[in-house]
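J.: Just a sequence and a predicted model for now, questions to come.
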Amino acid sequence: MIRAFHHNNIPGDPSLSVDSLRSAPVEEFAALGYHVRQLAEGEDYEEEAKKLAQRLGYPLTEDSKIVWGFKPSANPLVQEWTGELLSKESLQPNADAPTAKCLIHVLDFLALVLSGTALLDFEDPLSKSWIRAELSPGMLWHVPGGSLLSFFKTSESYEVLMLFKGAPSSLIWDKAAESHPARQEYLKGLGL
């Protein structure tokens, strides 16, 4: 079961609780281009996710998948992303910069939580708020390219398998994310 709620705080603020009076139903995720599926307990999450990814046209080559988390990794892209994220987290939140610590991926991707519990903030540009989702093991997400996200480190370690339709791209941060063509295309797709 997914737990998610709307908030208007700075995205990525780890002090926010996942409990709120303004819950965010899964139907709202779909309206924003996010699709979520909880794989059944006892399934081999990774194998089931790969089968679904293949049906959706994901190539599943070594170049199109990475395992990401806040742990040491031999993958240079994971090292780069983790370093960027940790350096962004060290910045003081700036109330005048609503996209502080936010990023986009240019391409759509699937994300499967392999272990731990990950927290993700993603923008709801329709209601001009943020949604915080608690992602548990076996949860498979489709994340639309150009959507504004904020992953952040929690006290719990987690690992996420990310599957891309092409080679993973660099992360686009903060103000550059707001004006990026992939972001503009995403907003246009929502009718904004």
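T.: Done, it's in.
J.: Buried residues in stretch 133-144, which are they?
T.: 133, 134, 135, 137, 138, 139, 140, 141, 142, 143, 144 (16 or more other C-beta atoms under 10 Å). Just so you know, the C-beta spots here come from the backbone N, C-alpha and C atoms, and that holds for glycine as well.
J.: Extract the C-alpha set from the one helix or strand the first one maps to and format it as CSV.
T.: It refers to residue 133. If you go by DSSP states H and E, residue 133 is part of strand 129-135. As requested, the backbone C-alpha atoms of strand 129-135 are provided in CSV (Å, rounded to 0.1, in the frame of the first residue of the first chain):
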residue,chain,number,x,y,z
SER,A,129,1.8,21.7,-4.6
TRP,A,130,4.1,18.8,-3.9
ILE,A,131,3.3,15.2,-3.2
ARG,A,132,5.4,13.1,-0.9
ALA,A,133,5.3,9.4,-1.5
GLU,A,134,6.7,6.6,0.7
LEU,A,135,8.1,3.9,-1.6
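J.: Hey, what's the angle from whichever helix or strand residue 4 is part of to strand 129-135? Just curious.
T.: Using DSSP H and E, residue 4 maps to strand 3-7. Counting by axes from the mean of the first three to the mean of the last three C-alpha atoms, to 10 degrees, strand 3-7 lies at 160 degrees to strand 129-135.
J.: Tell me the buried residues in the helix or strand following strand 3-7?
T.: Using DSSP H and E, the helix or strand that follows strand 3-7 in sequence is helix 26-31. Across helix 26-31, burial judged by 16+ other C-beta under 10 Å covers 28, 29.
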